[in-house]
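[1] Below are the sequence and a predicted model for it; my questions follow.
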Amino acid sequence: MNPAPSVSGPDEAAKPPNVNAVPPSSPRRRPRRSWLIALAIGTALLAAVGWLPWMKPSPEVIEVIESFEASGQLLAGAGKSAIAQVSNVDRAGYPPVRPTASGQDFPLHARALALGIGGKTLCFISLDLLEVPQALAKEISGRVQAAGASAVVVAATHVHSSLGGYDRNLAAEFAATGPFDQAQFQEIVGAAVRAANAALTSMKPARAGRAVRHLPGLNINRAEKDGLMDDRLTVLDFSAVSGGAPLATLFTFNAHPTLIPRRSCRTDAGYPGRAAEAIEAATGAPALFFQGAAGDARAVPPPLPESQDKSSLPVFARAEAMARRIADEVLLARSQTDSADITELKFARARVRLPNAMAPSAVPAAVRPPSDKILSAILMDTAEISLMRLGSLTIAAIPGEPTFFAGRGLSNALTAAEDVPPLFMGLADGYIGYIETDERRRGGLGESKRALWAPGLEKRLADGLAELDRMLPAARPPTKAPTRP
């Protein structure tokens, strides 16, 4: 049997970054005064015209911007690279006042998986970040495509204890990631490109397997008591045809990584990064995590031992417990995968016109009209969605956080085998916030209190997926997926 490949790419082996070295800074700071003044002035100006007539609603537009199909032998390769803190940036995840990131409890990484068939290569990139703004995804995708990838999907694990400073959007700066910093932006781009290069240069003939496990109790609906929730853990594993050495693991689950306390100024990859690291230690190959329809999903870690003194536990104890359970389930699933006969690769991406911005239902009614106009001025008006067929497996990449009901609605727009339901990758190639069903948005239900768009968002995304679905006919699965244990 061939030895397992190194988890890190060649660039990393030469000189791994010192992830604990951070610029000197106080552990907590208040937002820059000049930044807040500018925000206040801009808000006042926009509010002044908030009740005036505004632009006409944009027409619904679905524009296919790229697509390809290929068939042949599956190739797979993977890579991993650390994301270092290079500037004084906020610890991302929550509204102000946020602490300045200072030190690290668990390293942040970029991970990449390259899949090639018939001369076409699809590269998945998972970043230990809160979200991936469209500008960051475009910069990474452009450089990875220049290195040989045909298409790139860049997604965030959505961890709420990572670095900020990489999103130029005013709303994101204020609400979650802090002031933009060009050096930190470029460091994240560099880490993603290093991981992708390692994946592209290590591709070899591969076989794939798929398994699904249900994990009741590890997530709950945070928006509605006893609300419905998707508790599926989906695992794709890739191994070398020659020798059978593990090449990569891709796993998805639905749960917000919010188990690290807000007050900590230290960055942490949370349960997604910790679980990936544990899987990598067991397999010797990179493990990529992606969120699914997790908009209304809260992580519920296994209970800590009663004998432990809770006051003496580290701040990351609950995240570590969740990570251990997820990693154990992934490793068990890898031993039970059904063969996924991937000899076809189909990819298509579309640009979708978004509906008008609409303030979350939590905003008081008296100030919603100007709030709608402010959001319309600072949010993007289009988003990109992608659809992929890997043999009989259908994967949809969505630039936001679909809830359980929205995920079910979007699934209905896709043609897929009954035994192989579509797999969603949320927070991919941009960020448009929470995605609720149009009916629930009108009624102010679920995550409507946090959603940023008027009713119609779910329909436009579903129509876009349906258009891509018609372009890429689904394949019939050769085998049945694992049944619920």
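    Everything's here; your move. Quick caveat: nothing in here was measured; it's all calculated off a predicted structure.
[2] CA atoms for contacts and neighbours, from now on please.
    Will do.
[3] Where does residue 167 sit: helix, strand or coil?
    coil (DSSP: H, G, I helix; E, B strand; the rest coil).
[4] Need the per-residue pLDDT for residue 62.
    If you check residue 62, the pLDDT there is 89.
[5] I meant to write residue 54 there.
    Predicted confidence (pLDDT) for residue 54: 40.
[6] what does residue 313 give?
    For residue 313, pLDDT reads 82.
[7] Tell me, how many residues neighbour it?
    11 (other C-alpha atoms under 10 Å).
[8] do the same with the one 10 residues further on
    As a burial measure, the neighbour count of residue 323 was computed by other C-alpha under 10 Å and equals 24.
[9] Next up, identify which helix or strand residue 135 is on.
    Using DSSP states H and E, residue 135 falls within helix 134-146.
[10] just residue 407 next, same as before
    Residue 407 belongs to helix 404-411 when assigned by DSSP H and E.
[11] related to what we said a few turns ago, the helix holding residue 135: how far from the chain's middle?
    From the chain centre to the centre of helix 134-146 is a distance of 15 Å (C-alpha atoms, centre = their mean, to the nearest Å).
[12] Packing partners of the helix holding residue 407?
    Judged by 3 or more C-alpha pairs under 8 Å, 6 or more residues apart in numbering; DSSP states H and E, helix 404-411 is in contact with helix 457-471.
[13] can we see that at 10 Å?
    Applying 3 or more C-alpha pairs under 10 Å, 6 or more residues apart in numbering; DSSP states H and E, we find helix 404-411 packed against strand 401-402, strand 423-425, strand 434-435, helix 438-442, helix 457-471.
[14] what does that helix rub up against?
    Residues from elsewhere that reach helix 404-411, judged by C-alpha atoms under 10 Å, 6 or more residues apart in numbering: 221, 227-230, 254, 292-297, 396, 398, 401-403, 412, 421-424, 426, 434-438, 440, 446, 457-466.
[15] rank the helices and strands packed on helix 404-411 by mean pLDDT and give me the bottom one.
    helix 438-442 (a mean of 92).
[16] Would you mark the buried spots in that helix?
    For helix 438-442, burial by neighbour count (16 or more other C-alpha atoms under 10 Å) applies to 438, 441.
[17] Tell me which residues are up against it.
    The contact list for helix 438-442 (C-alpha under 10 Å, 6+ apart) reads 360-361, 405-406, 409, 435-436, 444-449, 451-459.
[18] The most centrally placed residue in the chain pairs with what?
    In the chain, the C-alpha nearest the mean C-alpha coordinate belongs to residue 156, at 3.1 Å (C-alpha atoms, centre = their mean). Beta-bridge partners of residue 156, counted by DSSP bridges, are residue 127.
[19] Pretty sure it sits against residue 428.
    Yes: counting by C-alpha atoms under 10 Å, residue 428 is a contact partner of residue 156 at 6.7 Å.
[20] overlap in contacts of these two?
    In terms of C-alpha under 10 Å, 6+ apart, residue 156 and residue 428 are both contacted by the residues 125, 126, 131, 132, 133, 290, 291, 399.
[21] could those residues go into JSON lines alongside distance to residue 306?
    Listed next are the shared contacts of residue 156 and residue 428 as JSON lines, based on distance: C-alpha to C-alpha, whole Å:
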{"residue": "125", "distance to residue 306": "39"}
{"residue": "126", "distance to residue 306": "35"}
{"residue": "131", "distance to residue 306": "35"}
{"residue": "132", "distance to residue 306": "39"}
{"residue": "133", "distance to residue 306": "42"}
{"residue": "290", "distance to residue 306": "32"}
{"residue": "291", "distance to residue 306": "31"}
{"residue": "399", "distance to residue 306": "40"}
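[22] With respect to residue 109, which of these is nearest?
    Of all the shared contacts of residue 156 and residue 428, residue 126 has the smallest distance to residue 109: 8.3 Å, by C-alpha to C-alpha.
[23] so the closest one touches residue 153, yeah?
    Yes: counting by C-alpha under 10 Å, residue 126 touches residue 153, with 8.5 Å between them.
[24] Look at these two and report which has more neighbours.
    Using other C-alpha under 10 Å as the criterion, residue 126 and residue 153 rank with residue 126 on top: 26 against 21.
[25] Mind pulling up the pLDDT for that one?
    Predicted confidence (pLDDT) for residue 126: 98.
[26] show me what contacts it?
    Residues near residue 126 by C-alpha under 10 Å, 6+ apart: 80, 109-113, 132, 153-157, 192, 195, 250, 287-291, 428.
[27] returning to that earlier point: can you tell me what sits against the helix holding residue 135?
    121-125, 132, 147, 149-155, 166-169, 185-186, 188-197, 200, 380, 383-384, 399, 428-432.
[28] hmm, back to that, are any of the contacts of helix 438-442 buried, and which?
    Among these, those classed as buried by 16+ other C-alpha under 10 Å are 360-361, 405-406, 409, 435-436, 444, 446-449, 451-459.
[29] so where do the strands sit in the stretch 101-250 of the chain?
    Along the stretch 101-250 of the chain, counting by DSSP state E, counting those that start in this stretch, strands occupy 108-117, 120-127, 151-156, 204-214, 219-221, 232-240, 246-253.
[30] strand partners of the longest one, parallel vs antiparallel please.
    What that stands for is strand 204-214. Take DSSP bridges as the rule and strand 204-214 pairs in its sheet with strand 75-83 (antiparallel), strand 232-240 (antiparallel), strand 338-340 (antiparallel).
[31] Centre of the chain to the shortest one, how far?
    This points to strand 338-340. Relative to the centre of its chain, strand 338-340 is centred 25 Å away, using C-alpha atoms, centre = their mean.
[32] That'll do, ta.
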